[in-house]
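A.B. asks: the following block contains a protein sequence and its predicted model.
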Amino acid sequence: MKKLTLAFLLGIACVAHCFGAYDKRLVHVLAQLRDCKMAFDVELPMVGGPAVGDAGIPHEFYLLFPYVSRIASDADLIAMLRDKSPVVRIMAAKCIVQQKDSPLIPELDALTKDADKVYVAPFGCVITKQTVGEVVRELKNDPDFLGDLKEADPVGTDNERAAPARV
């Protein structure tokens, strides 16, 4: 039954990919993910976690993850795994590994061989150059790689609430 379900989802994903039919609520978010880039020695796509760089601000990838994980269907995730953008492919992988007992886990096997390079900033000032395959393997080993959303407030609202001023 799982194989039949997976075959059905793959069929839907192929049709969706051919027609570019992501959920309408994802179209602009995916465009924003495709624009996540950083230039050091060369310009490359970038994924990041809750505190990136010397300012320690959350990266767009980290901020967009809760929305994508809530909105993306299995068919969207399969199409995202085949997207031209390495950042979108990594987002799909993160969404899949965060789901308990996802039927899409086997789909990640092909992505572990993906040689496209990205900058990766899981936390702090350390930014490395890795392949998509290396990032996916890290995510499979630790689903909270690139940010543990259970412990952090992704938009920082809890940290910025101040007591009302006394007059």
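C.D. replies: Structure's in. What do you need? Residues are numbered from 1 along each chain as shown.
A.B. asks: now do stretch 32-45: everything it contacts.
C.D. replies: Identification of contacts with stretch 32-45 by C-beta atoms under 8 Å, 6 or more residues apart in numbering yields 46-48, 59-61, 64, 68, 83, 85-88, 91, 116-119, 127, 129. C-beta coordinates here come from the backbone N, C-alpha and C atoms, glycine included.
A.B. asks: try it again with 7 Å
C.D. replies: Contact with stretch 32-45 is made by 46-47, 60-61, 64, 85-88, 91, 117-119, 129, as judged by C-beta atoms under 7 Å, 6 or more residues apart in numbering.
A.B. asks: which of the residues you listed sit farthest apart?
C.D. replies: Spanning the widest gap among the contacts of stretch 32-45 are Leu64 and Lys129, at 21.7 Å by C-beta to C-beta.
A.B. asks: give me the more crowded residue out of the two.
C.D. replies: Per other C-beta atoms under 10 Å, whichever of Leu64 and Lys129 has more neighbours is Leu64, with 19 against 14.
A.B. asks: quick one: secondary structure of the spatially closest residue to the more buried one that is not a sequence neighbour?
C.D. replies: Spatial nearest neighbour of Leu64, excluding adjacent residues (C-beta to C-beta, 6 or more residues apart in numbering): Val29 at 5.7 Å. Under DSSP: H, G, I helix; E, B strand; the rest coil, the three-state class of Val29 is helix.
A.B. asks: Val29: what's it in contact with?
C.D. replies: Leu64, Tyr67, Val68.
A.B. asks: and it, what pLDDT?
C.D. replies: Reading off the confidence values, Val29 has pLDDT 92.
A.B. asks: how close does it get to Phe40?
C.D. replies: Distance, Val29 to Phe40, using C-beta to C-beta, to the nearest Å: 26 Å.
A.B. asks: just Ser73 next, same as before
C.D. replies: For Ser73, the distance to Phe40 - C-beta to C-beta - is 36 Å.
A.B. asks: what about these two, which has more around it?
C.D. replies: Between Ser73 and Phe40, counting by other C-beta under 10 Å, Ser73 is the more crowded of the two (15 against 10).
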